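A.B. asks: let me see the structure of the following:
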Amino acid sequence: MEGYDVNIVGANDYEPTANSDIVVITAGFPRKPGMSRDDLLLANYEVVKSATEQAVKHSPNSILILVTNPLDAMCWTAYQIASFPRTGSSAWRAF
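C.D. replies: Numbering: from 1, shown residues only. Next comes the predicted model:
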C-alpha cells in the first residue's frame, strides 16, 4: 500500500533474522505473585543479554525494540550489551 517491501520473520534461531532492519525482543519471564521488581530484573537480565548479543551479531545495523519488563532496566541492558555507536545507522534513539 505504501510501497514498502516487508518481510516478517519469527524463528527459534537468530540466523533467519540476519540483516534485519528492526529486531523486537519480547523474551523474558513474567512477574509472578510475590516477585519483586529486582527479582524480575535478575531473572530477565540474562535472557535480554543473550538475545541482544545474538541480534547485534546477526543484524548489526538494526533498531532494537524491547518489550521485556522491567522495561527501563532491560533497555539499559540492551544499550550496554549492543554497544551501538552514538551516531549513524545503528544509533540509539529514544522514542
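A.B. asks: give me every residue that touches the spatially most central residue of the chain.
C.D. replies: The chain has I25 as the residue nearest its centroid, 3.8 Å off, counting by C-alpha atoms, centre = their mean. I25 sits next to 48, 51-52, 55, 64-68, 78 when contact means C-beta atoms under 8 Å, 6 or more residues apart in numbering. (Each C-beta comes from the backbone N, C-alpha and C, glycine too.)
A.B. asks: look up how far S59 lies from it.
C.D. replies: With the distance defined as C-beta to C-beta, to the nearest Å, I25 ends up 12 Å from S59.
A.B. asks: show me what the residue nearest to the centre of the chain is bridged to.
C.D. replies: In this structure, I25 bridges to L66 when assessed by DSSP bridges.
A.B. asks: tell me how far it lies from G3.
C.D. replies: Here the distance between I25 and G3 works out to 28 Å (C-beta to C-beta).
A.B. asks: for Y79, same thing?
C.D. replies: Taking C-beta to C-beta as the criterion, Y79 is separated from G3 by 32 Å.
A.B. asks: more neighbours: those two, which one.
C.D. replies: Neighbour count, other C-beta atoms under 10 Å: between Y79 and G3, Y79 has more, with 14 against 4.
A.B. asks: name the SS class of the more buried one, please.
C.D. replies: helix (DSSP: H, G, I helix; E, B strand; the rest coil).
A.B. asks: can you pull the contacts of I81?
C.D. replies: In this structure, I81 makes contact with 48-49, 52-53, 56, judged by C-beta under 8 Å, 6+ apart.
A.B. asks: so which bits of the biggest helix by length in the chain are buried?
C.D. replies: Among the elements of the chain assigned as helix by DSSP state H, the one spanning the most residues is helix 37-58. Counting neighbours by 16 or more other C-beta atoms under 10 Å, one finds that the buried residues in helix 37-58 are 40-41, 44-45, 47-48, 51-52, 54-56, 58.
A.B. asks: just checking, what packs against it?
C.D. replies: With contacts defined as 3 or more C-beta pairs under 8 Å, 6 or more residues apart in numbering; DSSP states H and E, helix 37-58 has these neighbours: strand 22-25, strand 63-66, helix 71-82.
A.B. asks: can you point out the buried residues in the helix or strand bottoming out on mean pLDDT in the chain?
C.D. replies: The weakest-scoring helix or strand in the chain, judged by mean pLDDT, DSSP states H and E, is strand 22-25 (a mean of 92). For strand 22-25, the neighbour count (16+ other C-beta under 10 Å) marks 23, 25 as buried.
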